[in-house]
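Peer 1: Give me coordinates for this.
(chains A and B)
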Amino acid sequence: MGLRNIVDKIKPTFSEGGKLGFLHSTFEGFETFLFVPNTTTQRGSHVRDCNDIKRVMIVVVLALIPAMLVGMYNVGYQAGITEIFPAFWFGFLKALPTIIVSYVTGLAIEFAFAQKRKHEINEGFLVTGLLIPLVMPVTVPLWIVALSTAFAVVIGKEVFGGTGMNVFNPALLARAFAFFAYTPQMSGEAVWYADAKTGATALEQLGSTGEMQWSVMDAFIGLIPGSLGETSTAAILLGAVILLFTGVASWRIMLSVFVGGLAFAYLFDAVGMTEYPAYYHLLVGGFAFGAVFMATDPVTSAQTNCGKWIYGFMVGALAILIRVVNPAYPEGMMLSILFMNALAPLIDYFVVERNVARRKKLIKNVK
Amino acid sequence: MSKNINLRKGLDINLAGKAELRVENAPMAKSYAVSPLDYENVTPKLLVKVGDKVEAGAALFFDKNNPRILFTSPVSGVVSAINRGEKRKLLNVAVEPDQEQVAKAIKVVDPAKAERSEIVEMLLESGLWTRIVERPYGVIANPDAQPKAIFVSAFDSAPLAPDYNFALASERENIEAGMALLSRLTEGKVHLSARKGAEGFMSEIKGVEYHTFSGKHPVGNVGVQIHHIDRIAKGDIVWTVNIQDVAIIGRMVRTGKFDMSKTIVVAGSEAEKPCYKRIIAGAAVESIIGKVKENVRVISGNALTGRTTAADGYIAADANMITLLPEGNVYELLGWAMPRFHRFSVSRAYFSWLCPKKEYKLDTNLNGGERPFVVTGLYENYLPMDVYVAYLLKACLVKDLDKMENLGLYEVLPEDLALCEFVDPSKIEMQQILRDGINLMIKES
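Peer 2: Below is the predicted model of the structure:
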């Protein structure tokens, strides 16, 4: 294999003691990207499932693509372009810089930390790096994208020890950072969605007037203003199908977020606090996107099966609670997930304690 | 008779290279070996030197932690080598067998009449005591302990594992005698668990508490069975004996002779003619499988929990099979992005779910790099026990003894986590982490 020979040839330069030895982790990152390493099992099970974290992450990226593509088309559509391809191309050119900035900033920091800590590059950022542009309005200034990505990776992830140890969903943290630090550019009453053309999002209209100017079908397909990836419930559902079928995301969380959200939405509808149908909540704003891609992040969500039901229900319920009751923020999903990220370990603690209690009960039975 | 216990969690990995139901007699090996490394927490002290003549059943070394525990030669002959590794750590004691096999005269007692202490002495003297495993921890049983119960699994559900109904078909009387002896070692019950639908003669064995289990691997693991029959609580001691060893113990009681022969299976995609082999324990693997091809891994035991054995090494004491697998020391271009139809995954991110009947020729590639714990809820699907695997392993990693105890360290052994390790996309060495945790617990308690 020609490529393999080239890699083998330049490998010593990047190994410890080589001229470019300080780029060891970076090289390894690219090498394992190209080739599944020839490492064999040394201890424990001799054979292993061929699934690895790279595959898991790439499935999530794949699941995000429909939402991204429809989002790009929508950017053009919102700018007044009606033909499909030109609209998509317009949106693609708008979104591409954001995506590139997010990946470049995040990966550079990830590589630097991996290098410093002398461990392999973790694939988690492949997902985070795409999630960040998808949860931001497409016209957000690139320096804000870079800054909030850096914040999310450093403060959200690396200070906790990197992938697998973080408490908060990094992509949401990036959005939260941008949202609170640069509110005028991010949201307020009006989100930018194309070429400085501003207007209230469907969610904001619902919040202030109880009506929105778009049809339910538009909201479902995603022809409403909003962040790049969150608008098309249909595309998000397609992603959900991929995630659930491959078993990458927890169906327990996804289902319970929707259940929790709908339950509260119907409750508020029943007591007359909202004047629009409860299911609107699932179509507008970031609810569906959050439920499918954010709440299900295995690292920051509850880890026990029982905990996942509680966590998911609370995410959905809190999101609607914030949307309906809190006048300051029209969108509740981001805060609700971040809040439940913080509570997830506590939920798990109680679930695991029940397991411990069952075990301790055995001792009494014997004596 | 208790009702069948059906376990829904688990996985049967359909490996290629299943053994034919045919027994071949392996020739006498050039040498046999006993290794302290086949046991956990044994500090060996030698009793022989190179050139000594030994009889079958004669002690080669003992455990310094408990000098009553003897490790005996499976054959009669001359001690040909004492192999040591780094820091003079004893690897094994090899014995070159005589043409004429002579077994040491062991004072065999009748388990029905003898005192319990006499039975214990007989097993200790013959070295067969080492075949009794104590839980918690999975170490050689402490002869001074009184186990709450003894558990025997009559079947092995691991990939390519021997079918004991076939391998032990002629050992019925020996198993009966062995079970009768075990029932004298405990005040409690002796539990025997068979696979539903393949009970063989196990259901007819008297004097035991009989159970049937159905489900996927690890349903045959005795630890899983204990969890569903009578869980181990803190302070409990239970013993387990492999069914093959029950037959060997029973054979000694019945015939009065020390005889370590057993029927094992040689299987795996690299085995030329996978079939059953009649061997004597501790045989050089070359005598069992012949010359080993390049780039083939020889495993004493099954593909999930066995020990890697050198081509010129010996079959491990607890192994009832040899698995031969291709080494996976090759690079795979963009493997993680490929469909990988020839590889197996429980995840539907690959395509194994399309052909559930397919036999897989798996190699030993790790199939990825080691990562921190990322996925959740996966491991629990492959361990039919009320144990939170990731939490227990994290407790082991941070060496928190209280947490380890609370989260179920006493109930599991590394073999029970083998499937979790197999499916783990983070490639975490679960069996080793648990073993280190258990050893820490032993040291601290």
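
Peer 1: all helices of the stretch 251-400 of chain B, in order?
Peer 2: Using DSSP state H, counting those that start in this stretch, the helices of the stretch 251-400 of chain B run over residues B:285-289, B:389-397.

Peer 1: Restrict the helix or strand that the longest one is followed by to CA atoms and write it as PDB.
Peer 2: Moving toward the C-terminus from helix B:389-397, the first helix or strand encountered (DSSP states H and E) is helix B:401-406. Listed in PDB are the C-alpha atoms of helix B:401-406, where the atom choice follows Å, rounded to 0.1, in the frame of the first residue of the first chain:
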ATOM      1  CA  LEU B 401     -12.400   0.500  48.300                       C
ATOM      2  CA  ASP B 402     -15.800   1.400  49.900                       C
ATOM      3  CA  LYS B 403     -17.300   2.200  46.500                       C
ATOM      4  CA  MET B 404     -15.800  -1.000  45.000                       C
ATOM      5  CA  GLU B 405     -17.500  -3.000  47.700                       C
ATOM      6  CA  ASN B 406     -20.800  -1.100  47.500                       C
END
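
Peer 1: other SSEs contacting helix B:401-406?
Peer 2: With contacts taken as 3 or more C-beta pairs under 8 Å, 6 or more residues apart in numbering or on different chains; DSSP states H and E, helix B:401-406 sits against helix A:333-366, helix B:389-397, helix B:430-444. Heads up, the C-betas are built off the backbone N, CA and C, glycines and all.

Peer 1: got the buried residues for the second one?
Peer 2: For helix B:389-397, burial by neighbour count (16 or more other C-beta atoms under 10 Å in any protein chain shown) applies to B:389-396.

Peer 1: So which residues make contact with that helix?
Peer 2: A:303, A:352, B:373, B:376, B:379-380, B:383, B:403-404, B:407-409, B:412, B:417, B:420, B:428, B:430, B:433-434, B:436-437, B:440 (C-beta atoms under 8 Å, 6 or more residues apart in numbering or on different chains).

Peer 1: Apply the buried test to those and list what passes.
Peer 2: With neighbours counted using 16+ other C-beta under 10 Å, the contacts of helix B:389-397 contain these buried positions: A:303, A:352, B:373, B:376, B:379-380, B:383, B:403-404, B:407-409, B:412, B:417, B:420, B:428, B:430, B:433-434, B:437.

Peer 1: Contacts only, for whichever residue of the stretch 1-150 of chain A sits closest to chain B.
Peer 2: For the stretch 1-150 of chain A, the residue closest to chain B is A:Asp52, as judged by C-beta to the nearest C-beta, at 2.6 Å. When contacts are counted by C-beta under 8 Å, 6+ apart, A:Asp52 is found next to A:36, B:336, B:367-369, B:371, B:425-427.

Peer 1: which one is it nearest to, not counting chain neighbours?
Peer 2: Nearest-residue entry for A:Asp52: B:Gly368, 2.6 Å, with adjacent residues in sequence omitted and distances by C-beta to C-beta, 6 or more residues apart in numbering or on different chains.

Peer 1: how about the residues of the stretch 1-150 of chain A near chain B?
Peer 2: In this structure, the stretch 1-150 of chain A approaches chain B at residues A:1, A:3-4, A:32-41, A:43-56, A:58-59, A:120, A:122-124, judged by C-beta under 8 Å from any C-beta of the partner chain.

Peer 1: Buried ones among the residues you listed?
Peer 2: A:32, A:35-37, A:39-41, A:44-56, A:58-59, A:120, A:122-124.

Peer 1: State the pLDDT value of residue 31.
Peer 2: I'll assume chain A. Among the per-residue scores, A:Glu31 holds a pLDDT of 75.

Peer 1: Chain B, not that one
Peer 2: You'll see B:Ser31 listed with a pLDDT of 95.

Peer 1: Count the neighbours of it for me.
Peer 2: Counted by other C-beta atoms under 10 Å in any protein chain shown, the residues lying close to B:Ser31 total 23.

Peer 1: go on, B:Thr43?
Peer 2: B:Thr43: 12 surrounding residues under other C-beta under 10 Å.

Peer 1: Just give the nearest non-adjacent residue to it, would you?
Peer 2: Of all residues not flanking B:Thr43 in the chain, B:Lys64 sits nearest, at 4.2 Å (C-beta to C-beta, 6+ apart).

Peer 1: Can you tell me how far that neighbour is from B:Pro143?
Peer 2: Applying C-beta to C-beta, to the nearest Å, the value for B:Lys64 to B:Pro143 is 15 Å.

Peer 1: now A:Ile100
Peer 2: 70 Å.

Peer 1: Any stretches of chain B with poor pLDDT?
Peer 2: Counting by pLDDT under 70, chain B contains low-confidence residues at B:1-2.

Peer 1: hmm, try it at 80
Peer 2: Chain B contains residues with pLDDT under 80 at B:1-2, B:330, B:332-342, B:349, B:352-356, B:369.

Peer 1: Find the centremost residue of it, please.
Peer 2: B:Asp318 (4.7 Å; C-alpha atoms, centre = their mean).

Peer 1: can you give me phi and psi for A:Asn166?
Peer 2: phi -70, psi 150 (degrees, to the nearest 10).

Peer 1: Distance-wise, check it relative to B:Ile428.
Peer 2: As it turns out, when the distance is counted by C-beta to C-beta, A:Asn166 lies 18 Å from B:Ile428.

Peer 1: B:Leu123 too?
Peer 2: Taking C-beta to C-beta as the measure, B:Leu123 falls 38 Å from B:Ile428.

Peer 1: again, but for A:Thr231
Peer 2: 38 Å.

Peer 1: B:Glu199 now?
Peer 2: As for B:Glu199, its distance to B:Ile428 is 37 Å (criterion: C-beta to C-beta).

Peer 1: which outside residues touch stretch B:37-48?
Peer 2: Stretch B:37-48 is contacted from outside by B:36, B:54, B:58-65, B:67, B:69-71, B:79, B:82, B:90-93, B:130, B:137-140, B:307, B:316-318, B:435, B:438-439, B:442, using C-beta under 8 Å, 6+ apart.

Peer 1: Tell me which entries of those residues lie within strands.
Peer 2: With strands identified by DSSP state E, the entries of those that belong to them are B:54, B:59-63, B:67, B:69-71, B:79, B:82, B:90-93, B:139-140, B:307.

Peer 1: For PyMOL, what selects the buried ones among the residues you listed?
Peer 2: Provided next is the PyMOL selection string for whichever of those are buried by 16+ other C-beta under 10 Å:
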select buried, chain B and resi 54+59+60+61+62+63+69+70+71+79+82+90+91+92+93+139+140+307
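
Peer 1: and the residue in the stretch 251-367 of chain A that chain B sits nearest to, what pLDDT?
Peer 2: Each residue of the stretch 251-367 of chain A has a distance to chain B, by C-beta to the nearest C-beta, and the smallest belongs to A:Leu362, at 3.6 Å. Confidence per residue is given as pLDDT, and for A:Leu362 that number is 83.

Peer 1: A:Thr231 now?
Peer 2: We have a pLDDT of 84 for A:Thr231.

Peer 1: quick one, what contacts it?
Peer 2: Residues in contact with A:Thr231 (C-beta under 8 Å, 6+ apart) are A:70-71, A:74, A:222-225.

Peer 1: In helices, which of those appear?
Peer 2: Using DSSP state H to define helices, the subset of the contacts of A:Thr231 located there is A:70-71, A:74.

Peer 1: export those to TSV and tack on neighbour count and pLDDT?
Peer 2: Conversion of these to TSV gives the following (neighbours: other C-beta atoms under 10 Å in any protein chain shown; pLDDT from 0 to 100):
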residue	neighbour count	pLDDT
A:Val70	24	91
A:Gly71	27	89
A:Asn74	28	87
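
Peer 1: Of these, just say which sits nearest to A:Leu335.
Peer 2: A:Leu335 has its nearest neighbour among those in A:Gly71, at 21.9 Å by C-beta to C-beta.

Peer 1: what about that closest one, distance to A:Met254?
Peer 2: Computed with C-beta to C-beta, the distance linking A:Gly71 and A:Met254 is 20 Å.

Peer 1: Setting aside sequence neighbours, what's the nearest residue to B:Ala310?
Peer 2: Spatially, and ignoring its direct neighbours in sequence, B:Ala310 is nearest to B:Val298 (7.3 Å; C-beta to C-beta, 6+ apart).
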